[in-house]
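Asks: What follows is a predicted protein model with its sequence.
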Amino acid sequence: MINILVVLLLLHFLIAASFMSKASRSNAGLFRIANGFAIGVAICIAFGWGSWATQGDIASSLFEINFLRLSVVSLIGFMSFILLRYSIHYLHGEKHRGRYFRYLLTTLLSVTIVVLSNHLILFWLAWVGISLSLHRLLLFYPNRPRAALAAHKKFILARLAESALLGAFICIYLSTGMLRLNDITDYYLTHSTTLTVLEQSAAGLLAIVALIKCAQLPVHGWLMQVVESPTPVSALLHAGIINLGGFLVMVFGPLILRVEAAKWLILIVAGITTLLAALIMTTRISLKVRLAWSTCAQMGLMLVECALGLYELALLHLLAHSAYKAHAFLNSSQWIHEDLTRRLSDQLEPPLWQWLIALAVATGLTTAAAVVIEYQGPISIWGLMVGALTVWLALRFEAQAPSSYFRIITAAVVLLAAYSAQKWLLHLVVALPNDLRTQALDGADIWLLSLVVVLIVVNYLLYYRAHLVTVQKLSRVLYAGLYLDEWMTRLTILLWPVHLPSIKKQKHLAIHRYAAGHEEQK
């Protein structure tokens, strides 16, 4: 029964694609029912995954259900319903909406197969299918120069990542003779001997694939430029597809975390990306570009959590970030209003005593939460929580009367309790063995803790010491993204030139589209 449900879940996207290729407002209800069915299937899998057959049938060699995969595929079902319902209205009257829905649903189908796949070949084929169908979505408006350039850079990086992934899978197969992912994972969970050169190479290639997929520096530029694509595509990319880098590390973590070079490659690149992207985001004006930099930083932090062996926190991060970022893109008009209101309001720096009180309260609450859940592991993650909670409390203490401080602290307690409870519950089902988890105050933990301190200090300077000459120079460099994307763009065009649409042709098509719309209204 479970095998049938998984197959139906995959077929759902194909059936929906057939309907939506000729989609109109009249069949929108039918499509919503179809997506409701997808969520229902995910729920059925949730109740039946424990009875999943693990030996002797074809389905179990191609697909696997565990808590990690179940959580992500349920998220896909929910997100597909939201995105496609939004797209029905967003693209109403668009001439090529049928093509849009075909590629969108093909992308969702490929993502679902990747998440459920238990076979290296099937996993790789679906991974390639994601990038090919996404490429067509990024070029939905092919006459926009920025969209064409971003899609071109993404296309090259995707081919590089797919080649590295194929190389990693070949190395794994030659080393173990296994093709099923659950067998490979079990093997490396219990593997205690020294890894071969092929296995170490596979771990390094997997780390590179994850960094490319999550748009880490310096291969991040395309992520900032794909905002030229339709808004639902941006939401799909930032809320779903880009998370697959973290999912890849979680699936192959037992191998990656046993290779120090691969682990530190993720820690260094993703850690620096988290720091720089979070700072660069504060200097940007365009809301969508700021959200793109935010995604880059969030993906870096998620990869760092994976490299630390904190799978429960990485999974919580993946689910929460997907929901938040989809809402942010689909509700971007309201975010613009809120952002303008914040920028126009007076932002006075809280006095020192408020910072000290906020720091004391945040440290006490965070320490209490760690003690309650009997946490053992790196303390840098809790240091990041202390910093974020300190800023949150200090700004609200400044804006509120002293009589409301109790209400503010209560809200902080509720937030921290919810976070700690979710982290503790996920730890029960997706935690790695202790020998694969980073311990407190070792090299990786100190590295991340130093990045957290730098982030807090520089962020404070950008907000409250912007008048200083040194800070102004730093702000200009950050606004330019350290010029990393300019160098990558030059290198991309040098290696593989791209023909961008001309401005005259773009204006001509815009006029033609306006005239056609005017005639349709008449």
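Replies: Thanks, I have it.
Asks: For stretch 193-206, C-alpha coordinates in PDB please.
Replies: C-alpha atoms of stretch 193-206 as PDB (Å, rounded to 0.1, in the frame of the first residue of the first chain):
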ATOM      1  CA  THR A 193      38.600   1.700   9.100                       C
ATOM      2  CA  THR A 194      40.500   4.400   7.200                       C
ATOM      3  CA  LEU A 195      38.700   5.600   4.100                       C
ATOM      4  CA  THR A 196      40.300   5.100   0.700                       C
ATOM      5  CA  VAL A 197      41.300   7.800  -1.700                       C
ATOM      6  CA  LEU A 198      38.200   7.200  -3.700                       C
ATOM      7  CA  GLU A 199      36.000   7.600  -0.700                       C
ATOM      8  CA  GLN A 200      37.700  10.800   0.400                       C
ATOM      9  CA  SER A 201      37.400  12.100  -3.200                       C
ATOM     10  CA  ALA A 202      33.700  11.300  -3.100                       C
ATOM     11  CA  ALA A 203      33.200  13.200   0.100                       C
ATOM     12  CA  GLY A 204      35.100  16.200  -1.300                       C
ATOM     13  CA  LEU A 205      33.000  16.200  -4.500                       C
ATOM     14  CA  LEU A 206      29.800  16.000  -2.500                       C
END
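Asks: and that stretch, which residues are buried?
Replies: Residues of stretch 193-206 classed as buried by neighbour count (16 or more other CB atoms under 10 Å): 195, 198-206. (Each C-beta comes from the backbone N, C-alpha and C, glycine too.)
Asks: And stretch 405-421, by the same measure?
Replies: In stretch 405-421, counting by 16+ other CB under 10 Å, buried: 408-409, 412, 416, 419-420.
Asks: could you point out the longest helix in this structure?
Replies: helix 145-176 (DSSP state H).
Asks: Distance from that helix to the middle of the chain?
Replies: For helix 145-176, the gap between its own C-alpha mean and the chain's C-alpha mean amounts to 17 Å (CA atoms, centre = their mean, to the nearest Å).
Asks: Enumerate every residue touching the residue most central in space within the chain.
Replies: The centroid of the chain falls nearest to residue 243 when counting by CA atoms, centre = their mean (3.4 Å). Residues near residue 243 by CB atoms under 8 Å, 6 or more residues apart in numbering: 72, 214, 299, 302, 318, 321-322.
Asks: counting contacts, what elements does the helix or strand hosting residue 368 pack onto?
Replies: Assigning secondary structure by DSSP states H and E places residue 368 in helix 352-372. Using 3 or more CB pairs under 8 Å, 6 or more residues apart in numbering; DSSP states H and E as the contact test, the elements touching helix 352-372 are helix 380-399, helix 405-430.
Asks: Next, format those helices as TSV and append mean pLDDT and distance to residue 271.
Replies: Converted to TSV, those look like this (pLDDT from 0 to 100; distance: least, CB to CB, whole Å):
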stretch	mean pLDDT	distance to residue 271
helix 380-399	83	10
helix 405-430	86	20
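Asks: Which one of those lies nearest to residue 87?
Replies: helix 405-430 (30.3 Å; CB to CB).
Asks: Could you point out the helix or strand that follows the closest one?
Replies: Immediately after helix 405-430, counting by DSSP H and E, sits helix 443-464.
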